[in-house]
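Peer 1: Let me see the structure of the following:
(2 chains)
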Amino acid sequence: MMHRPDYGALMSEPLPLIPEPLLQAVNLQCERDKRILFRELSFSILPGTVTRVEGPNGSGKTTLLRILAGLNDAWTGDLRWCGAPVANHREEFLRNMLYLGHRPGIKPLLTPLENLRALMAGRRPVSDSALSQALQGTGLAGYENVPCRNLSAGQQRRVALARLLIADEPLWLLDEVFTAIDSDGVAAIEGLLQQRAAEGGAVLVTTHHELALPGMHRLLLGKGGMTDER
Amino acid sequence: MNAEVRPTVQLASSSVSALAAMKGVFARDMKVAFRQRQDLLNPLLFFIMVVTLFPLGVSPEVSFLSQAGAGILWVAALLSVLLSLDHLFRHDFDDGTLEQLVLQPQPLFLLVLAKTMAHWMLTGLPLVILAPVLGVMVHLDGNSIAVLCLTLLIGTPVLSLIGAIGAALTLGLRSAGVLLSLLIIPLYIPVLIFGTGTVAAAAEGAAVGAYLALMGAFLMLALTLAPFAAAAALKISMSNG
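Peer 2: As a prediction, the model looks like this:
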């Protein structure tokens, strides 16, 4: 991704404006089952970017996202949120980060509205009308009060994705969120990701779908090391 | 997906109060439990069955029952709480809501405390309410029943709180049942001893104030320390999940 420019070479030109990275990883190393998933992994997530984490199955995409979200502690290295170590600012970091994982985080016995209400309860107050509007926005109009276990897998996923519509968090970590979503839904989510980047947020996403986002960054994880390219 | 309700993107520094977050967790757990009532009945039925089987299996003599009754009720309550512990975090872990709980910008131990309180309201409290009826069945006198209910009222929250640590620790394991019991039962023993000891003292006409104070101390200790331990254990289990 973006690196600090060589200031010596740029002396005559005005310094380019380099936004402060939202999230910065320095020398991340993670070992799982005595196998090194990645080592010396360093990258910065700048505001206004969408980054896709790529790699074959088992290359540690999910593990990386869980490490960044703070769900996995089995790593060494440095993680910085707005320049300060994440560990010292955990609550502030969590307040500004939205993580959606493999498991949608939806209670099958509760209705979509109740689920969203419970998910937002510890974050910030959101009115019920805003929640139903978000559900309508994900194509779940009329299903607000149906228990989620009566919904299809894709619809359950959409309940979780409704959070993207009410999210004010600048950083999104999305792990395989396109699973079970139809092509219209995928296009809509792509639009949301792009919009979030345009609004000054940053998105990190893993997916096996083809993503058609102009200016998307890539973070490649693979066996025996990783590369980081635009 | 249209985006009319989207708020602006900015670094936020404040979230809702921890109390509001705890209320949210508590309300959700209660709602889920009441949509799945058969799970609520299981520990209660177990409690009733164990207590009814003792007179049939050992002896229906009044002298035996009135002496052993308090112990039987306490053991049955302890086992029935133990039986329900595996559900405390398991379902949330499986459907991913536990991940989202850990990622709430709130002190995790408070959220764990809220969950544990909901667990007690749904398992411990019904046992306390049912205890007088079963107490009459095993020929306890009125005073003993009152003291027994009081000890259960103080003791069952301790069982839930200690149990939360074990449930959180064994979360990542596929067959956690045996390990959970092995971890938790030694910590339950003091509560059991003092619980039944209080009733025995009451039956002999001794003052029970000191016993109850000691049980209250157990409760305070568990209330202040167990949520921290359970929250730490949850994070460890999350790392492996």
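Peer 1: how does chain A divide into domains?
Peer 2: The record's domain parsing of chain A by automatic domain parsing lists A:1-10+A:21-96+A:171-230, A:105-168.
Peer 1: most packed of these?
Peer 2: Greatest average neighbour count among the domains of chain A goes to domain A:105-168 (a mean of 20), per mean count of other C-beta atoms under 10 Å in any protein chain shown. Just so you know, the C-beta spots here come from the backbone N, C-alpha and C atoms, and that holds for glycine as well.
Peer 1: Span of that one from start to end?
Peer 2: Using C-alpha to C-alpha, to the nearest Å, one end of domain A:105-168 lies 19 Å from the other.
Peer 1: could you pull out the strands for chain A?
Peer 2: Assigned by DSSP state E, the strands in chain A fall at A:23-32, A:35-45, A:49-54, A:75-81, A:84-85, A:97-100, A:171-175, A:202-206, A:217-222, A:225-229.
Peer 1: would JSON lines of the domains of chain A with distance to residue B:77 and mean pLDDT be doable?
Peer 2: JSON lines is the format used below for those (distance: least, C-beta to C-beta, whole Å; pLDDT from 0 to 100):
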{"stretch": "domain A:1-10+A:21-96+A:171-230", "distance to residue B:77": "35", "mean pLDDT": "83"}
{"stretch": "domain A:105-168", "distance to residue B:77": "27", "mean pLDDT": "91"}
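Peer 1: of all these, which lies closest to chain B?
Peer 2: Closest to chain B of the domains of chain A, according to C-beta to the nearest C-beta: domain A:105-168, at 2.5 Å.
Peer 1: from the chain's centre, how far out does the closest one sit?
Peer 2: Its chain's C-alpha centre and that of domain A:105-168 lie 18 Å apart, by C-alpha atoms, centre = their mean, to the nearest Å.
Peer 1: what do you get for stretch A:156-172?
Peer 2: With C-alpha atoms, centre = their mean as the basis, stretch A:156-172 stands 10 Å off its chain's centre.
Peer 1: which residue is nearest the middle of chain A?
Peer 2: Centroid-nearest residue in chain A: residue A:173, 1.3 Å away (criterion: C-alpha atoms, centre = their mean).
Peer 1: Spit out the contact partners of the spatially closest residue to it that is not a sequence neighbour.
Peer 2: Nearest non-adjacent residue to residue A:173, counting by C-beta to C-beta, 6 or more residues apart in numbering or on different chains: residue A:99, 4.6 Å away. By C-beta atoms under 8 Å, 6 or more residues apart in numbering or on different chains, residue A:99 lies in contact with A:65, A:69, A:71, A:173-175, B:99-100, B:103.
Peer 1: got those as CSV, with distance to residue A:119 columns?
Peer 2: Listed next are the contacts of residue A:99 as CSV, based on distance: C-beta to C-beta, whole Å:
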residue, distance to residue A:119
A:65, 18
A:69, 15
A:71, 16
A:173, 15
A:174, 15
A:175, 16
B:99, 11
B:100, 6
B:103, 10
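Peer 1: Near residue B:27, how many other residues are there?
Peer 2: By other C-beta atoms under 10 Å in any protein chain shown, 16 other residues sit near residue B:27.
Peer 1: Tell me the spacing between it and residue B:65.
Peer 2: 41 Å (C-beta to C-beta, to the nearest Å).
Peer 1: Now look at the strand or helix carrying residue B:236 and say if it contacts chain A.
Peer 2: Here residue B:236 sits within helix B:209-240, counting by DSSP states H and E. Yes. Using C-beta under 8 Å from any C-beta of the partner chain, helix B:209-240 reaches chain A at B:235-236, B:238-239.
Peer 1: From those, keep the buried residues only.
Peer 2: Among the residues of helix B:209-240 next to chain A, the ones that count as buried by 16 or more other C-beta atoms under 10 Å in any protein chain shown are B:235, B:238.
Peer 1: Can I get the residues of helix B:209-240 next to chain A in TSV including pLDDT?
Peer 2: Formatted as TSV, the residues of helix B:209-240 next to chain A follow (pLDDT from 0 to 100):
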residue	pLDDT
B:235	92
B:236	91
B:238	89
B:239	86
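Peer 1: Just the closest of the residues of helix B:209-240 next to chain A to residue A:221, please.
Peer 2: Among these, residue B:239 lies closest to residue A:221 (C-beta to C-beta), at 18.9 Å.
Peer 1: Contact partners for residue B:14?
Peer 2: Applying C-beta under 8 Å, 6+ apart, we find residue B:14 in contact with residue A:95.
Peer 1: Is it located within a strand, as I assumed?
Peer 2: No. Residue B:14 is assigned coil when assessed by DSSP: H, G, I helix; E, B strand; the rest coil, not a strand.
Peer 1: Can you report phi and psi for it?
Peer 2: When read as degrees, to the nearest 10, the backbone of residue B:14 gives phi -120, psi 140.
Peer 1: Look at it and report its pLDDT.
Peer 2: Per-residue pLDDT puts residue B:14 at 76.
Peer 1: which residue is nearest the centroid of chain B?
Peer 2: residue B:160 (2.3 Å).
Peer 1: what residues are up against that residue?
Peer 2: Contacts of residue B:160 by C-beta under 8 Å, 6+ apart are B:81, B:116-117, B:119-120, B:123-124.
Peer 1: repeat that for 10 Å
Peer 2: The contact partners of residue B:160, taken as C-beta atoms under 10 Å, 6 or more residues apart in numbering or on different chains, are B:81, B:84-85, B:88, B:115-125, B:167, B:222, B:226.
Peer 1: circling back to that earlier point, check which helices and strands the helix holding residue B:236 is in contact with.
Peer 2: helix A:61-69, helix B:87-95, helix B:97-102, helix B:108-119, helix B:142-169, helix B:177-203 (3 or more C-beta pairs under 10 Å, 6 or more residues apart in numbering or on different chains; DSSP states H and E).
Peer 1: Adding distance to residue B:36, write those helices out as JSON lines.
Peer 2: What follows is the helices and strands packed on helix B:209-240, written out as JSON lines (distance: least, C-beta to C-beta, whole Å):
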{"stretch": "helix A:61-69", "distance to residue B:36": "29"}
{"stretch": "helix B:87-95", "distance to residue B:36": "9"}
{"stretch": "helix B:97-102", "distance to residue B:36": "14"}
{"stretch": "helix B:108-119", "distance to residue B:36": "13"}
{"stretch": "helix B:142-169", "distance to residue B:36": "18"}
{"stretch": "helix B:177-203", "distance to residue B:36": "20"}
